[in-house]
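>>> Sequence plus predicted model, see below.
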Amino acid sequence: VDVVVALHACGALSDVALGHAAREGAGFVICPCCFRSNPQLRVALPAPSLKDDIELVTVDEWLHVESAAYESLKQLAELQGDIGMSSTAMHSICGLRARAVQRSWQNSRWRPEVQISTKIKSFPIGFSTRNLCLVGEFEAK
C-alpha cells in the first residue's frame, strides 16, 4: 500500500484509515466528517510484542485522550450554529489524529530513513463545513 485515501470518513473511520496508513507505511489523504459516528470501530496497530501481528485499540487509546474529554470534543465538533467553536473542535481532533500518526510511525518498523510529515489542510468552507483534510507525506530524515 502506497497511499490511503478516505473521503467522507465518518467518525472513527478516519482513525481506522489513519491507523492502516501508519501500520502499512503509507502516505494518506483523509477527509473526516461526522465526528461521533462509528464509535464501535477499532484501530489496528502493530502488536508491540509480535512481529507480524496486530492489536485492536479504541480510538481513545489510539489518540491518547481520556474518553470523557474526547466525547466532549466530538460534541463540540458537531455543534450547529457556532461555526467558530465547531471549527476549533474539528481542528483539535485532527491535531490529535496527526499526533497519533506521528507516534505510530515513530514506533513502527517502517523505513527508518524517512519520517512522515503530517499536515492539516483546509479548503473553502463554502464547499462543506467539514473542510479539513489530514495529509501524510514521506520526507527524508
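That came through, no problem. Numbering: from 1, shown residues only.

>>> hey, where'd the helices end up in this structure?
With helices called from DSSP state H, the chain shows them at 12-24, 59-63, 67-77, 83-107.

>>> tell me which residues of the last one are tucked away?
Under the neighbour-count criterion of 16 or more other C-beta atoms under 10 Å, helix 83-107 has 86-87, 89-90, 93-94, 96-98, 100-102, 104-105 buried. (Each C-beta comes from the backbone N, C-alpha and C, glycine too.)

>>> Low-confidence ranges, the protein, go.
Applying pLDDT under 70 to the chain flags residues 48-52, 108-112, 140.

>>> I'd like the distance between Pro32 and Ile54.
Relative to Ile54, Pro32 is positioned 22 Å away (C-beta to C-beta, to the nearest Å).

>>> Between those two, tell me which one has more neighbours.
Neighbour count, other C-beta atoms under 10 Å: between Pro32 and Ile54, Pro32 has more, with 27 against 14.

>>> is it true that that one touches Leu134?
Yes - distance between Pro32 and Leu134: 7.3 Å, which falls inside the contact criterion (C-beta atoms under 8 Å).

>>> what do the two both touch?
Counting by C-beta atoms under 8 Å, 6 or more residues apart in numbering, the contacts common to Pro32 and Leu134 are 14, 94, 97.

>>> Report the contact partners of the last one.
Arg97 makes contact with 14-15, 18, 30, 32, 63, 134 under the criterion C-beta under 8 Å, 6+ apart.

>>> hmm, try it at 7 Å
Going by C-beta atoms under 7 Å, 6 or more residues apart in numbering, Arg97 touches 14-15, 18, 63, 134.
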